[in-house]
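Participant: dropping a prediction and its sequence here:
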Amino acid sequence: MALLPGKLVKTVARPPVILIYLPPHTAPRTEIVLARDAGFTHVIYRQQFDLPESAGLLRVPFLDDAGLGDFIPDELYYWRFTLIYAIRGRGEPEAIAGSIQPVTIAPEMQAQLHQASLQGRVELYQSLKLPYDAGVELDSLRRANPDDAAVQELWSTWVTTQGWADLVTVPTIG
């Protein structure tokens, strides 16, 4: 259900963003949790929100004001995305999880990222070996320019190289 479920995501994004493929579902709500441990006993962020009824690629940002100031570089954090059903016992998977690690980059590269266009940031993230951040930027480009063939081609290439060719034409939601 998520892009990179169970895999470590390295990111310079503050606050981080998780991209989740939401298949057809009947869950009206979801919960996203960020914790310092894989057992989710030290939760630093918890948010519930309504889900769109349609399937597609959902962008789930952790909110700026959620106290993530202590999102410490090079520490591992764990996230969990849970579908909340009105009736328990559905056959669909109820939760997916993964890990995320904030990283830092050289100040001059950070300055270049702040000055670059969305497409320029994609290229910089790829050169910095931060493919997930490149994908998040491509998702932003795709949402901002849904009819741009060049953007769609960049998205298609990225998704395919990540091993998710079946998600190339998935619509964006949320």
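Facilitator: Good, I have the coordinates. This structure is a prediction, so every number in the text was calculated from the model and none was measured.

Participant: hey, let's count contacts and neighbours off CA atoms from now on
Facilitator: Noted.

Participant: let me know the pLDDT of the closest residue to residue 43 other than its chain neighbours.
Facilitator: Setting aside the residues directly before and after it, residue 43 is nearest to residue 35 in space (C-alpha to C-alpha, 6 or more residues apart in numbering), at 4.1 Å. At residue 35, the pLDDT value in this model is 91.

Participant: count the residues that sit near residue 35.
Facilitator: Applying other C-alpha atoms under 10 Å, we find 20 residues neighbouring residue 35.

Participant: same for the helix or strand harbouring residue 156, what does it pack against?
Facilitator: Secondary-structure assignment from DSSP states H and E places residue 156 in helix 149-161. Contacts defined by 3 or more C-alpha pairs under 8 Å, 6 or more residues apart in numbering; DSSP states H and E place helix 149-161 against helix 131-144.

Participant: where does the residue nearest to residue 43 fall, phi/psi-wise?
Facilitator: Phi and psi for residue 35, reported as degrees, to the nearest 10, are phi -140, psi 160.

Participant: who touches the helix holding residue 156?
Facilitator: With contact meaning C-alpha atoms under 8 Å, 6 or more residues apart in numbering, helix 149-161 is reached by 135, 138-139, 141-142, 145-146, 165, 167-168.
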